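>>> let's see this in three dimensions:
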Amino acid sequence: MTMNTPDFSQTHREGTGELPAGRPLQTDFGPGLDYPRLGSVTFRRGTLTDNQERTWRDHWPHLGRDLGDEVVDMTEWFGREAPTIVEIGSGTGTSTAAMAPVEPDHNIVAVEIYRPGLAKLLGACVREDITNVRMIKGDGVEVLQRMIAPGSLDGVRIFFPDPWPKARHHKRRIIQSGPLHLIASRLRPGGILHVATDHAEYAEWITELVDVEPELEYLGWPADVPVLTDRQVVTKFEAKGIDKDHTITEYLWRRR
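Below is the predicted model of the structure:
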């Protein structure tokens with residue numbers, strides 16, 4: 001089946017085409033597809049400790065990248081050919097650093113917009129000699145659109161994304177028809193999308209979208225799929241949800 005892919009090279013920019021202050025570029029998915037609209041969101045800024053700054057200076061150049069327009073050659077970056085998983089919104093990277101060693105045969109790309117979170121993950125990778133993790137600093141949708149080759153991924157993970165609970169902010173949620181279409185275009189046939197949330201209303205929102213993307217076959221949860229979808233570690237946000245007696249809802253899709 002031929003995929004009807006919109007022109008992902010077009011992005012919303014203000015003025016002369018430079019990155020608008022305070023927020024990332026926004027992909028234009030074209031008519032009929034919804035996507036996260038961040039508006040005038042101001043992203044948190046945090047400082048790094050002196051040790052984190054040194055680690056960043058010494059190791060970010062080969063373990064990390066900033067959002068850009070160059071498609072990443074994963075084989076060159078990781079120094080090997082291996083199944084590649086992109087984790088969107090890795091936060092402080094605690095679960096990423098815990099899961100990566102039990103998936104040594106997979107390349108893990110952690111995408112996060114907050115530098116302090118990436119600094120913590122970078123430090124863990126250096127201290128614990130975790131060699132199968134790389135990091136990209138930027139908005140997850142933009143990273144997929146601008147830096148990931150079509151049909152190149154074996155998995156995409158979105159664990160406990162921001163639920164944007166206020167009704168006026170629902171348009172900022174990452175699980176929408178546009179990002180789902182983009183994710184499908186970046187997965188190889190048979191590749192897996194795995195989403196988890198502990199927010200009941202967001203789960204209802206996602207449930208209404210499970211069949212919105214024709215190139216993604218919804219598998220439900222649990223499902224008989226490869227080990228790369230097996231969350232073997234409780235994430236930070238999941239633990240908070242469990243403490244509050246939240247129900248964890250998970251979703252699996254497979255690229256047709």
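>>> strands of the stretch 1-150 of the chain, start to end?
Under the criterion DSSP state E, counting those that start in this stretch, the stretch 1-150 of the chain contains strands at 11-12, 26-27, 64-66, 84-88, 107-112, 133-137.
>>> of all those, which one is nearest T249?
Counting by CB to CB, T249 lies closest to strand 84-88 out of the strands of the stretch 1-150 of the chain; the figure is 17.3 Å. Just so you know, the C-beta spots here come from the backbone N, C-alpha and C atoms, and that holds for glycine as well.
>>> what is that closest one packed up against?
Judged by 3 or more CB pairs under 8 Å, 6 or more residues apart in numbering; DSSP states H and E, strand 84-88 is in contact with strand 107-112, helix 140-147, strand 153-159.
>>> returning to what we had before: closest to M74 out of the strands of the stretch 1-150 of the chain?
Between M74 and the strands of the stretch 1-150 of the chain, the shortest separation by CB to CB is 5.1 Å, and it involves strand 84-88.
>>> list the contacts of the closest one.
Surrounding strand 84-88, the residues in contact under the criterion CB atoms under 8 Å, 6 or more residues apart in numbering are 74, 78, 96, 103, 106-111, 140, 143-144, 148, 152-159, 161, 174, 186, 228.
>>> now do stretch 111-121
Contacting residues not belonging to stretch 111-121 are listed as 24, 43-44, 46-48, 52, 55-56, 64, 86-94, 96-97, 110, 133, 135-140, 143 [CB under 8 Å, 6+ apart].
>>> same thing but 7 Å
Among residues not part of stretch 111-121, those counted as contacts by CB atoms under 7 Å, 6 or more residues apart in numbering are 43-44, 46, 48, 52, 56, 64, 86-93, 96-97, 110, 135-140, 143.
>>> okay, and the beta partners of the residue most central in space within the chain?
Taking CA atoms, centre = their mean as the criterion, I88 is the residue nearest the geometric centre of the chain, at 1.2 Å. For I88, the beta-bridge partners are V111 (DSSP bridges).
>>> distance of it from D129?
Using CB to CB, to the nearest Å, I88 is found at 25 Å from D129.
>>> can I get the helices and strands packed on strand 84-88 in a markdown table with mean neighbour count and mean pLDDT?
As requested, the helices and strands packed on strand 84-88 are exported to a markdown table (neighbours: other CB atoms under 10 Å; pLDDT from 0 to 100):
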| stretch | mean neighbour count | mean pLDDT |
| --- | --- | --- |
| strand 107-112 | 26 | 98 |
| helix 140-147 | 23 | 94 |
| strand 153-159 | 23 | 96 |
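>>> save those as a markdown table, and put in distance to Y202 too.
Written out in a markdown table, the entries for the helices and strands packed on strand 84-88 read as follows (distance: least, CB to CB, whole Å):
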| stretch | distance to Y202 |
| --- | --- |
| strand 107-112 | 19 |
| helix 140-147 | 16 |
| strand 153-159 | 11 |
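>>> ok, which of the ones you listed comes nearest I192?
strand 153-159 (4.8 Å).
>>> quick check: angle from that closest one to helix 140-147?
In this structure, strand 153-159 runs at an angle of 160 degrees to helix 140-147, with axes from the mean of the first three to the mean of the last three CA atoms, to 10 degrees as the basis.
>>> distance between strand 153-159 and the chain's centre?
Averaged C-alpha coordinates place strand 153-159 at 7 Å from its chain's average position (CA atoms, centre = their mean, to the nearest Å).
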